[in-house]
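Colleague: give me coordinates for this.
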Amino acid sequence: MGCCQVLCRIFLVLVNIIFLLLGIALFALGLFVRFGSSILNGYLDTVKKSLQESASATGAGTVDLSTLDITGLLFGVALGLIFFGLFLTIIAFLGCCGGCCKFKVLLILYVIICGVLLVAQIVVIGILYGSPKTFHDPAKKALKEQIQSDFQGIAGTDIVSMAWNVVMQFAKCCGVDGYEDFNSAVKWNRTYSTYRIDTPLACCKELPSSASTVTCAVLPPSGTASDANSYLDTGCYDKLWEQTLGNSKIVIGVLVGIGVFQILLLLTALLLYIDARKVEPEANF
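Modeller: Presented below is the predicted three-dimensional model:
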């Protein structure tokens, strides 16, 4: 039994040291995403330059995208990383100290927090993959409403227009579900020379270099917009989702593995807590 206790303590401490380092790393990454604009914005310089040149060449006007700060767009992501990193660090600290010194209060806090976290993960994953529309539909609706009220096209200097133009070029997609999301955009000027465009110019695979080449954003018969020269039918939401969390078999497999590992940690901490109560008088708890 003594050997088993030692192994449990070593396992709990070592694993939580890893999580402690991971929590610190996520916290640091969050700070980098929030304040590392000079580095992050460099990755989008090529896309921003192409958009500016296309806007000027097609007669849309001079567009200054230098004010587009990627850290502003990723503010929510940065906060998420910072808070999650802190949360993970605190939990790992409880596990390390509880397992190393067999502090009953810390062990029981660790067990309770891990248990609540595990249940919450199961609920969120169940909703996300069991009933995806519960999550996706409100998110898509909010994004489409934002496009309809704020999008101004390739010449737009507001954060919504600049962000969508950069995302569509960078991710090679168009709108939330496709070009039709822009049909009701009230601030979008569709007139270029003698053409009335049907898709944003940023949906073209090659940004137009003059007013006469905007036909990639004009549907037939007046234009040439098709899957060959435009991303008009490729929605950004589904594409980015599939590239991140959309591969359910792999993601769920990984999450199940993590869940089993969490249960093992929880049981290990619970065994150490029970053993600590046997060793010390219950009144000392």
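Colleague: use CA for all of it now, contacts and neighbours both
Modeller: OK.
Colleague: buried ones in stretch 216-234, by neighbour count?
Modeller: For stretch 216-234, burial by neighbour count (16 or more other Cα atoms under 10 Å) applies to 216-219, 223-226, 229-234.
Colleague: so which of those residues comes closest to A139?
Modeller: T234 (17.3 Å; Cα to Cα).
Colleague: dump the residue contacts of that closest one.
Modeller: Applying Cα atoms under 8 Å, 6 or more residues apart in numbering to T234 gives the contacts 172-175, 177-178.
Colleague: do you know how far it is from C173?
Modeller: 5 Å (Cα to Cα, to the nearest Å).
Colleague: which element is I147 on?
Modeller: Element membership for I147, per DSSP states H and E: helix 133-150.
Colleague: element containing the residue at minimal distance from the centre of the chain?
Modeller: The chain has V77 as the residue nearest its centroid, 6.4 Å off, counting by Cα atoms, centre = their mean. Assessed by DSSP H and E, V77 sits inside helix 75-101.
Colleague: if we can go back for a sec, now for the buried residues of stretch 216-234, which pair is the farthest apart?
Modeller: G223 and T234 (18.6 Å).
Colleague: the chain: strands as residue ranges?
Modeller: 191-192, 195-196 (DSSP state E).
Colleague: any idea which of those scores lowest on pLDDT?
Modeller: Of all the strands of the chain, mean pLDDT reaches its minimum on strand 191-192 (a mean of 80).
Colleague: partners of that one in the sheet?
Modeller: Strand 191-192 sits in its sheet next to strand 195-196 (antiparallel), going by DSSP bridges.
Colleague: which other residues reach the partner strand?
Modeller: Residues contacting strand 195-196 (Cα under 8 Å, 6+ apart): 190, 214-215, 218.
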